[in-house]
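*Asks:* Take a look and give me a structure for this.
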Amino acid sequence: MQSLFIGHSYIDVTMRTQVMPKGDEKDVAEDYAVSFGGNAVTAAFACSKLVGDGVDLLTQLAPDWLGHMFMDMAATYGLRVHPRRVRRSSLSFVLPKDGKRAILRARDNNFLEDFPRLDLTGVRALHSDGHIADAALHYARACRESGALTSLDGGALRSGITDLLEFIDVAIVAERLCEQMTLSEADMLAYLKSKGCRIGGVTNGERGMLWYDENGEVQRLPSLPVPAERIVDTSGAGDVFHGAYMASYLQRPEAPWREHFHFARAASGYKIQHLGNEAGLPSQNDIVATLALFPPAD
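*Replies:* Numbers count the residues shown, from 1 in each chain. From the prediction side, this is the model:
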């Protein structure tokens, strides 16, 4: 095990359509995709595709056909899953349109057992999305003690996230968290610094990310100039971003974080051109090709 990801898993059904039937109406979607979903889960799949092996995932799992489907997906990408049992799998319907996406979710987070205790020998990095809060806090604290990197996808104000931040090295949060905490982007960066996060950032879709580096310098990382007509599905782009910077760190831990984020930006630029999470997972060659096709201004 090189890295451990902790988060809530879904089976995502993504449908591209211009209309949403109401009442007794029927219509046919233009295209669809079925894949794994969830913030840290999608990040784990992205990281595993980029680094090849040593990526572990702690997530909830149910003994139903969606659970079996998820395990088949994980096996395909070489992910080792450490399950925490629930009764039913979680499902999400994703409807991308005009650079946005509507999501309807049904989930079961009523755990039937305690989270698994894992041997962290050899673990170099941890990434959590704040779900499965007790496990996230336990392993973040353990990784802090061992010197392993800890990373957080702060997508929303979830239970225990303020406690978790005390043990996080790299905290990249969404604009939504700023809104929920009534903080501006700059105020959020100051808050993350006050929590002891060495690297902090706020993502904002097409506006890119406002972040501070190892020296505390605040800067903006603009998104890649992918033309609007090439954008198919923005859902999961942030998750791929997280998974890609984790992969970059694992492969080049000595590199500055600006380089890790440049690599991750190209990965998310690839993702938004594809429908569904699985089709949007880039390889190393895909990232190189994306940078060549859409060279960044910076």
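
*Asks:* And the helices in this structure?
*Replies:* Per DSSP state H, the chain carries helices over the ranges 39-51, 65-76, 133-146, 161-164, 175-180, 185-194, 237-251, 257-271, 284-293.

*Asks:* Just the buried positions in the second one, please.
*Replies:* Looking back up the chat, that one is helix 65-76. Using 16 or more other CB atoms under 10 Å as the burial criterion, the residues of helix 65-76 that qualify are 66, 67, 70, 73, 74. Placement of C-beta: from N, CA and C, glycine included.

*Asks:* same question, stretch 129-147
*Replies:* Across stretch 129-147, burial judged by 16+ other CB under 10 Å covers 129-133, 135-140, 142-144.

*Asks:* same question for stretch 22-36, mean pLDDT?
*Replies:* On average, the pLDDT along stretch 22-36 is 89.

*Asks:* residue closest to the middle of the protein?
*Replies:* Among the residues of the chain, residue 239 comes closest to the average C-alpha position under CA atoms, centre = their mean, at 2.4 Å.

*Asks:* just to revisit the earlier point, dump the buried residues of stretch 129-147 into JSON lines; add distance to residue 201 and pLDDT as well.
*Replies:* Converted to JSON lines, the buried residues of stretch 129-147 look like this (distance: CB to CB, whole Å; pLDDT from 0 to 100):
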{"residue": "129", "distance to residue 201": "15", "pLDDT": "94"}
{"residue": "130", "distance to residue 201": "16", "pLDDT": "90"}
{"residue": "131", "distance to residue 201": "20", "pLDDT": "93"}
{"residue": "132", "distance to residue 201": "23", "pLDDT": "94"}
{"residue": "133", "distance to residue 201": "22", "pLDDT": "94"}
{"residue": "135", "distance to residue 201": "24", "pLDDT": "96"}
{"residue": "136", "distance to residue 201": "19", "pLDDT": "96"}
{"residue": "137", "distance to residue 201": "21", "pLDDT": "96"}
{"residue": "138", "distance to residue 201": "25", "pLDDT": "97"}
{"residue": "139", "distance to residue 201": "22", "pLDDT": "97"}
{"residue": "140", "distance to residue 201": "18", "pLDDT": "97"}
{"residue": "142", "distance to residue 201": "24", "pLDDT": "96"}
{"residue": "143", "distance to residue 201": "20", "pLDDT": "96"}
{"residue": "144", "distance to residue 201": "20", "pLDDT": "94"}
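
*Asks:* Determine which two of those residues are furthest apart.
*Replies:* Spanning the widest gap among the buried residues of stretch 129-147 are 131 and 144, at 19.4 Å by CB to CB.
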